[in-house]
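*Asks:* Everything below, folded, please.
(one chain, ligands or ions: 3)
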Amino acid sequence: MSTSPKPVKKVPIHLQSAQNRVYIKNGEIVNHDKSFKADVYIEDGIIKFVGPSSEITIPGGVRTIDASGLMIIPGGIDPHTHMQLPFGGAVAVDDFYHGTKAAVAGGTTMIIDFVLPNKHESMIEAYDKWRSWADPKVCCDYGLHVGITWWSKSVSEELGILCKELGVNSFKTFMAYKNLYQLNDSDLLDVFERIRGLNGVAMVHAENGDIIAKNTQRLLAEGITGPEGHELSRPEEVEAEAVHRACVLAHQMKTPLFVSGLTSKSSAELVGRARRSGYCVFGETLASSLGRSMSGVPKGDRIYCITSPPIRESAETPRQLMKSLAYDDLQLTGSDNCTFNKEHKALGKGDFTKIPNGVNGVEDRMSLVWEKGVHAGLLDPCRFVAVTSTNAAKIFNIYPQKGRIAVGSDADIVIWNPNATRTISKDTHHHACDFNIFEGMTVHGVCEFVLVRGRICAERGNVRVAEGFGRFIPTPVRPPFVYDIIEGKVQASSEEQQEHQERQNGNVAKRFAE
Ligand code: URP
Ligand code: ZN
Ligand code: ZN
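*Replies:* Residues are numbered from 1 along each chain as shown. Ligands and ions are numbered 1, 2, ... in the order given. Below is the predicted model:
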C-alpha cells in the first residue's frame with residue numbers, strides 16, 4: 001500500500017497590500033463550542049482560512065504574528081453601553097471615540113449602545129441623533145438597541161420602521177425611573193406584544209420603580225441623603241420582584257426577553273428558573289458587579305460607584321454571579337459603561353437621587369471575566385467566549401459574522417495572553433473619565449493584539465485606533481437562536497438545546513461559507 005501523503009488543497013492568496021493581510025500562526029483558537037490549534041489568515045477584514053499551516057501558502061509581505069502559547073478568541077461584544085449619554089444633568093464623558101477606544105484596548109471589538117429617546121421624542125429622530133454621534137467617531141463596529149421610554153400609536157409604528165428599515169431588532173423597556181422612562185404593566189404588555197409581532201427581542205431594566213420612589217421619599221425624610229441611600233432605596237428584592245414580573249409578562253405575550261444588567265444572586269436564580277420552566281429569557285450581568293462589591297468601600301468613595309441596579313454590598317455577590325454564568329442561569333456580560341467625572345458625581349452630594357448614574361467597564365470587562373471566571377476556576381475558556389461574545393452575537397442575530405473565529409466571519413480577533421497580568425488604573429486606562437472603579441486590581445488575561453475587521457488596533461499595549469473606522473452593524477429580526485425557543489423547536493435550558501445549537505452552528509457556518 002502506498003504511504004505517499006494525500007495532496008493538500010492549498011488556499012490561493014491574492015497579492016494585496018500587507019496592511020490588508022494578516023497571518024496568525026501557532027495559536028490556540030477558542031470558540032464557544034471548542035478549542036483547537038490552527039493558523040488564521042485574514043484578508044480585507046474577513047477570515048479566509050482557519051487550519052493547519054500545511055494547508056496554506058503565505059506569500060511574502062503578509063504581516064505574520066506568532067501566537068505561540070496564546071489564545072485566538074473572537075473579539076468581545078459588549079451588549080450594554082451608554083456612550084455620551086445625556087443623563088441626570090450631565091453627559092457621559094466617554095463619547096463614541098473614547099468609549100470605543102477603551103473597548104478596543106480591552107479586547108472588545110463591537111459594542112451595542114442604547115438610543116434613549118426623551119419622553120414624547122420620536123424614536124426615529126433619536127436613532128438618527130445617535131447615528132450622527134456615533135458614525136464619525138466609532139473605532140470599532142457597533143449596533144443599537146432603542147429604548148421605549150413612552151408608549152403610543154406613533155411609537156408602535158416607529159418600532160416597525162426600526163425593525164424593517166433601520167437595522168434594530170431589540171428594544172429596552174424600563175420598570176424603574178418613575179416619571180422618566182418607567183412603563184406600567186399594561187403598557188409593558190402592549191409593548192411586548194408588538195415586539196413579538198415584529199419578531200424582535202424585548203429588553204428590560206428590571207427594578208420596581210414605584211417601591212424605589214416610596215423608599216427614596218422615606219430615606220430623604222429620615223435624613224439619609226448620602227450615597228448609601230442608593231442601595232437602601234432599591235435592595236435585592238426590589239430587583240427580584242421586577243425580574244419575576246417581567247419574565248411572566250413577556251412569557252404571557254410569547255415574547256423573548258433579555259433581562260439587562262442583573263446585579264444580584266436572587267435575580268439570577270429567577271432567570272435560571274424561568275429558563276428551566278421553558279420561558280424564552282436571557283440574563284445579562286455586568287463587569288462592575290462581577291468585578292467588585294461595595295463591601296468595605298469608604299463612605300467618601302461610594303458616590304463614584306453609583307449605578308442601577310446597584311453594585312451590591314455583599315462581598316459574596318461577584319462570585320455568585322459568576323457561578324450563574326457558569327451554570328447558564330445567565331448568558332451574557334455587559335459593562336453598562338456610562339462614565340462621569342468626579343465633578344459630575346459631586347452633583348449628588350447631599351442628595352443621592354441626583355448622583356449621575358453609571359460607571360466604567362467597557363475596557364476592563366474581558367479581563368475581569370477572565371480573572372474572576374477562568375482564573376478563579378469557575379469558567380472554562382469556551383464559556384468565557386460564550387459569555388463575552390458569542391451569546392450576544394446569537395441573541396442579536398449577527399452570528400457568525402461576529403462572535404466566532406471561522407472562515408467567512410469578520411476578522412474581529414483578540415490574541416489573548418491568559419497568563420499575563422496587568423493592574424487597572426485611571427492613569428493607564430483609555431477612558432475619558434478621571435477615575436476607575438477597579439483602581440489597583442491586578443487581573444490575569446491581557447490582549448497581546450486586537451484586530452478590528454482585520455485592522456491591528458492594539459499591539460502589546462500600544463493602542464492605535466482610527467476614529468470613524470467602525471461601522472454600524474444592522475441586527476436583523478427573528479434571531480434563530482431566540483425564535484427557535486419561542487416556536488417550541490427547542491427549550492431555553494436543556495441538553496437537547498445544546499445539541500440543537502451545535503447542529504445549528506454547523507449549518508449556519510456552512511451556509512455562511514457558501
Ligand atoms: O445605565 C445608565 N447608567 N443610564 C441609563 C439608564 C439605564 O438604566 O439604562
Ligand atoms: Zn438600565
Ligand atoms: Zn444601562
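
*Asks:* Hmm, Ser367 is touching Thr108, no?
*Replies:* No: the criterion here is CB atoms under 8 Å, and Ser367 misses it with Thr108 at 10.7 Å. Heads up, the C-betas are built off the backbone N, CA and C, glycines and all.

*Asks:* what residues does the protein put near ligand 1?
*Replies:* His82, Phe87, Phe114, His205, Thr307, Ser308, Asp336, Cys338, Asn357, Gly358 (CB under 6 Å from any ligand atom).

*Asks:* thinking again about what came up before, so which of Ser367 and Thr108 has more stuff around it?
*Replies:* Per other CB atoms under 10 Å, whichever of Ser367 and Thr108 has more neighbours is Thr108, with 30 against 27.

*Asks:* give the contact list for the more buried one.
*Replies:* By CB atoms under 8 Å, 6 or more residues apart in numbering, Thr108 lies in contact with Gly75, Gly76, Ile77, Asp78, Cys140, Val362, Glu363, Arg365, Met366.

*Asks:* Check Phe469 too.
*Replies:* With contact taken as CB under 8 Å, 6+ apart, Phe469 is in contact with Val138, Cys139, Cys140, Val452, Arg453, Arg455, Cys457.

*Asks:* Now it: which helix or strand?
*Replies:* Following DSSP states H and E, one finds Phe469 outside all helices and strands.

*Asks:* I'd like the contacts of Thr108 as a markdown table, with pLDDT appended.
*Replies:* Putting the contacts of Thr108 into a markdown table (pLDDT from 0 to 100) gives the following:
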| residue | pLDDT |
| --- | --- |
| Gly75 | 99 |
| Gly76 | 99 |
| Ile77 | 99 |
| Asp78 | 99 |
| Cys140 | 98 |
| Val362 | 99 |
| Glu363 | 99 |
| Arg365 | 99 |
| Met366 | 99 |
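
*Asks:* now the residues you listed as CSV including distance to Lys372 and neighbour count?
*Replies:* Shown next, in CSV, are the contacts of Thr108 (distance: CB to CB, whole Å; neighbours: other CB atoms under 10 Å):
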residue, distance to Lys372, neighbour count
Gly75, 20, 29
Gly76, 15, 31
Ile77, 19, 31
Asp78, 17, 32
Cys140, 24, 29
Val362, 17, 33
Glu363, 16, 30
Arg365, 11, 28
Met366, 11, 30
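
*Asks:* Distance check, Leu230 against ligand 1.
*Replies:* Residue 230: His, not Leu. The gap separating His230 from ligand 1 is 12 Å, by CB to the nearest ligand atom, to the nearest Å.

*Asks:* Give me the pLDDT for that residue.
*Replies:* Looking at His230, its pLDDT stands at 98.

*Asks:* Repeat that for Pro12.
*Replies:* Reading off the model, Pro12 has pLDDT 46.

*Asks:* And for the one 3 residues further on?
*Replies:* According to the prediction, Leu15 has pLDDT 39.

*Asks:* And the one 3 residues further on, by the same measure?
*Replies:* The score at Ala18 is 46. That number is its pLDDT.

*Asks:* Also the one 10 residues further on?
*Replies:* You'll see Glu28 listed with a pLDDT of 98.

*Asks:* That one is in what secondary structure piece?
*Replies:* strand 21-30.

*Asks:* Sheet-wise, list the partners of that strand with their directions.
*Replies:* Strand 21-30 has the following strand partners under DSSP bridges: strand 35-43 (antiparallel), strand 63-66 (parallel), strand 71-74 (parallel).
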